[in-house]
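Asks: following is a predicted model, sequence given first.
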Amino acid sequence: MSPNPRFFVPIILFASLFSIIACSSIETSSEVDAQPQVRYVTILHTNDNHGRFWHNEKGEYGMAARKTLVDELRNQARAQGHAVLLLSGGDINTGVPESDLQYAEPDFKGMSLIEYDAMALGNHEFDNPLSVLDLQQSWSNFPFLSANIFFKDSGKNVFQEYAIFEQQGLTIAVIGLTTTDTAKIGNPQYIDGLVFKEPVQITASLTQRLEQQYQPDLTIAVTHMGHYVDATHGSNAPGDVTLARSLPNNTLDMIIGGHSQEPVCMADENVNDDKFTAGMPCTPDQQNGTWIMQAHEWGKYVGKAEFKFADGQLTLLDYQLLPVNLYIDKPQSDGTLTTELASTYITPDPELKAFLAPFQAKGAAQIEGTLGFVDAKLEGDRNKVRYQQTNLARVIIQAQMNVVGADFGVISGGGVRDSIAAGDVSYKDILQVHPFKNTLAYMDWQGQDLWEYLDVITAFSADSGAYLQYHKLRFERENGALAKVYIDGKAIDKNQSYRMSINSFNATGGDGYPALTERMGFVMTEETDAQALKRFFVENSPVSAADFSPSKD
């Protein structure tokens, strides 16, 4: 997993040389060069792609349209004598079956054709074995960056820490950082040999080293850590605001982020612009002399930041989140709503669309067909399943209980990745709910040991992936401790044994759950969560959503 300098350095040097050669004739004739101390830079950015290489059913986003927009923005900036970088805040993996079934090959190859300069490693880059991440790097002509991930045994960096770009007389350092939450939300089977260190000290030390070696004009952190307004990160690991505030003033010129999957648009100092929607102006956050930007998710937007650099000072000239064929509801004079494009339609790049089409067709062929039916929505939306009990979580757990013959079951809310709409249920629906290929397990508990385990996992707070979803289980907590437990409607007997279903992610310690794999009574099966849910719909359709209402427990 160590970065191969023979792979990375020529890419960066070639990109830099190409940029210098391509723009040299423009520089000599532009007004910009009349004042050599003044330079301009444009930063383009996206984040949290999550498998969206193809447009959705409405024709929104997709990499082919993104390329058209990026090419136009890049060409405009270069024609004006700007240095230009295209950066990604990570999480390319996981979210759409057509991509997941192909290990995001179309996504990484699509990014290469769009000509990304670098990306931060996100936590979902660790949803597969590290050998898959090696393969994904081989598909990519840009570096995967993270300065705060180390091998546990040797203490050495696992990935390339930074990249240096020389453009238009500017030396730009780009540092990669990954959320430390990866240690608990990443798959323990794949990250056991890695250490995710706190980014503040790593960044402070690395920026000093870069200053001594390169004297960069600009230093950018491309991160997958999350933007939390006024550093209020709750149960999440500290994110970009905390990083900027914890470093000496102006240590970082900008942070290009991801992970929290939001448009970073501010209404005032430390006040989020909750009214922002596609097509509206956006003001990025600024903390301690550092601009912080994030472009929502899925390639819905391309962020574009234009700066002037003069006498050692960086000035933001313009910032926009440019929608990629997004539709919005617009109110009409008669009180109705019409659905319209938020901006001018972007024609997908024909060459990239043709390149990606076989991947889309191959993925679609693997998931076509109907498996069953549900009469109402099964709720798995992120803003619900991490905050409250949902009917989809109970369907999932019942499916897993059926496989292992359990008395009750548990999963973390973060493991439920999508809802299932009312109507026919397809294999694609199943894989959007369960993209991680977790296997099923069970634990045979003695009542007293089970009580102690439940005392831990029932304490996980809402607004986190660890939030407990459960079925055939009820409990009460008093004064910070477990007070009552009921299994299938009956009070727990601490002298009785109970079988609990659970997936491999939580059983091995994922989301901070106590690891069970070394305990007597633990058994891992070969059935995956997706297989179990598929079987449930095949055998039990039509499914009544009301039968799985949380009130039923």
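Replies: Yep, it's here. Quick caveat: nothing in here was measured; it's all calculated off a predicted structure.

Asks: please count neighbours and contacts with C-alpha atoms only from this point.
Replies: Will do.

Asks: the residue nearest to residue 332 when sequence neighbours are not counted pairs with what?
Replies: Counting by Cα to Cα, 6 or more residues apart in numbering, residue 332 lies nearest to residue 338, which is 7.1 Å off, once chain neighbours are set aside. The bridge-partner assignment for residue 338, based on DSSP bridges, gives residue 330.

Asks: distance of residue 338 from residue 280?
Replies: Separation of residue 338 from residue 280 (Cα to Cα, to the nearest Å) stands at 17 Å.

Asks: for residue 228, same thing?
Replies: 21 Å.

Asks: so which of the two has more stuff around it?
Replies: residue 228 (21 against 13; other Cα atoms under 10 Å).

Asks: show me the contacts for the more buried one.
Replies: By Cα atoms under 8 Å, 6 or more residues apart in numbering, residue 228 lies in contact with 239-241, 260.

Asks: export the residues you listed to TSV and tack on distance to residue 52, pLDDT and secondary structure?
Replies: As requested, those are exported to TSV (distance: Cα to Cα, whole Å; pLDDT from 0 to 100; DSSP: H, G, I helix; E, B strand; the rest coil):
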residue	distance to residue 52	pLDDT	secondary structure
239	24	97	coil
240	24	98	helix
241	27	98	helix
260	17	96	coil
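
Asks: in those residues, find the pair that's most separated.
Replies: Greatest spacing in the contacts of residue 228, by Cα to Cα: 241 and 260 (12.2 Å).

Asks: distance of residue 353 from residue 480?
Replies: From residue 353 across to residue 480, the span is 55 Å (Cα to Cα).

Asks: I'd like the contacts of residue 228 as CSV, with distance to residue 386 and neighbour count appended.
Replies: Supplementary listing: the contacts of residue 228 in CSV, determined by distance: Cα to Cα, whole Å; neighbours: other Cα atoms under 10 Å:
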residue, distance to residue 386, neighbour count
239, 19, 26
240, 22, 33
241, 23, 26
260, 14, 19
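
Asks: from these, which single one is nearest residue 541?
Replies: Set against residue 541, the nearest of these by Cα to Cα is residue 260 (35.9 Å).

Asks: what distance do you get for the closest one to residue 232?
Replies: Taking Cα to Cα as the measure, residue 260 falls 12 Å from residue 232.

Asks: residue 57 too?
Replies: 36 Å.

Asks: quick one: which of these two has more around it?
Replies: Legend: neighbour count by other Cα under 10 Å for residue 57 and residue 232, higher for residue 232 (13 against 6).

Asks: quick one: buried residues of stretch 74-86?
Replies: 74, 77-78, 80-86 (16 or more other Cα atoms under 10 Å).

Asks: and which of these is nearest to residue 174?
Replies: Distances from residue 174 to these, taken by Cα to Cα, are shortest for residue 85, at 9.9 Å.

Asks: A helix includes residue 461, no?
Replies: No - Residue 461 is assigned coil when assessed by DSSP: H, G, I helix; E, B strand; the rest coil, not a helix.

Asks: dump the residue contacts of the spatially closest residue to it that is not a sequence neighbour.
Replies: Leaving out its chain neighbours, the residue that sits closest to residue 461 by Cα to Cα, 6+ apart is residue 467, at 5.7 Å. Each residue near residue 467 by Cα under 8 Å, 6+ apart is listed here: 386-387, 412-414, 460-461.

Asks: all strands for the stretch 401-550 of the chain, in order.
Replies: Remark: strands assigned in the stretch 401-550 of the chain by DSSP state E, counting those that start in this stretch are 408-412, 423-426, 439-446, 468-471, 473-478, 481-487, 490-491, 497-503, 522-528.

Asks: those: which one's closest to residue 61?
Replies: Counting by Cα to Cα, residue 61 lies closest to strand 423-426 out of the strands of the stretch 401-550 of the chain; the figure is 23.1 Å.

Asks: which strands or helices does the closest one pack on?
Replies: Secondary-structure packing of strand 423-426 (3 or more Cα pairs under 8 Å, 6 or more residues apart in numbering; DSSP states H and E): strand 370-374.

Asks: which residues does the strand it packs on contact?
Replies: Against strand 370-374 from outside (Cα under 8 Å, 6+ apart): 421-427, 534, 537-538, 540-545.
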